[in-house]
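Student: Sequence first, then the predicted structure:
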Amino acid sequence: MMMQTRNSCYTYFKITGDFDPDEVTHLLSLQPTRTWKIGDFRKNGTKYDFAVWEIGRCKEYDVFVENQMRKTIAPLLDKINLLNLIHRNNNVAFVLEIVPTIYVGDQEPCLAPPLDVIDFCHATRTEIDIDMYVYGIDE
């Protein structure tokens with residue numbers, strides 16, 4: 001029987017910095033899940049001072065978060081040379097975001113990236129960012 005958990009996690013890959021997201025979409029031949037350009041307006045009315053291109057948002061929680069990481073980077077694995085071209089020609093950062101929500105007492109997720117994910121991140125100079133939210137038993 002599968003143990004019930006309140007824990008969750010989502011992962012995604014993003015490019016952030018000074019670049020044109022439309023050019024990245026065209027170059028990679030991939031449809032992003034979210035983009036914005038420098039100068040676009042936020043919901044609060046202020047303007048973004050950086051651009052974002054996001055893909056691979058995986059919300060299918062797996063206690064082995066490495067499986068989510070793999071799903072996130074899967075469409076990018078054959079694009080390493082193009083990603084490196086984007087990195088060379090623009091002032092950008094690549095980030096693999098991992099956002100777990102953990103409740104004390106529930107089964108803890110395994111957040112360790114496997115070697116194939118580390119290899120991809122190394123080959124593309126992608127940072128791994130873990131934004132962890134931890135809640136007590138009664139929350």
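Tutor: Right, received. Where do you want to start? Note that this is a predicted model, so its numbers are computed, not measured.
Student: The protein: strands as residue ranges?
Tutor: Using DSSP state E, the strands of the chain run over 8-18, 34-36, 51-58, 91-103, 126-130, 133-135.
Student: want to try a markdown table for these, with distance to A74 and mean neighbour count as columns?
Tutor: Heads up, the C-betas are built off the backbone N, CA and C, glycines and all. Converted to a markdown table, the strands of the chain look like this (distance: least, CB to CB, whole Å; neighbours: other CB atoms under 10 Å):
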| stretch | distance to A74 | mean neighbour count |
| --- | --- | --- |
| strand 8-18 | 10 | 20 |
| strand 34-36 | 18 | 16 |
| strand 51-58 | 7 | 21 |
| strand 91-103 | 12 | 18 |
| strand 126-130 | 14 | 15 |
| strand 133-135 | 25 | 12 |
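Student: can you redo the ones you listed as CSV with mean pLDDT and distance to L115?
Tutor: Converted to CSV, the strands of the chain look like this (pLDDT from 0 to 100; distance: least, CB to CB, whole Å):
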stretch, mean pLDDT, distance to L115
strand 8-18, 93, 17
strand 34-36, 96, 29
strand 51-58, 92, 19
strand 91-103, 93, 14
strand 126-130, 96, 13
strand 133-135, 88, 27
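Student: Would you convert those into TSV that also reports distance to L85?
Tutor: Conversion of those to TSV gives the following (distance: least, CB to CB, whole Å):
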stretch	distance to L85
strand 8-18	12
strand 34-36	18
strand 51-58	14
strand 91-103	11
strand 126-130	15
strand 133-135	35
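Student: out of those strands, nearest to V24?
Tutor: Checking those against V24 by CB to CB gives strand 51-58 as the closest, at 4.7 Å.
Student: if we look at the closest one, which residues are touching it?
Tutor: Applying CB atoms under 8 Å, 6 or more residues apart in numbering, the contact partners of strand 51-58 are 10-21, 24-25, 30-38, 68, 71-76.
Student: buried set for stretch 64-71?
Tutor: Buried residues in stretch 64-71, counting neighbours by 16 or more other CB atoms under 10 Å, are found at V65, E66, N67, Q68, M69, R70.
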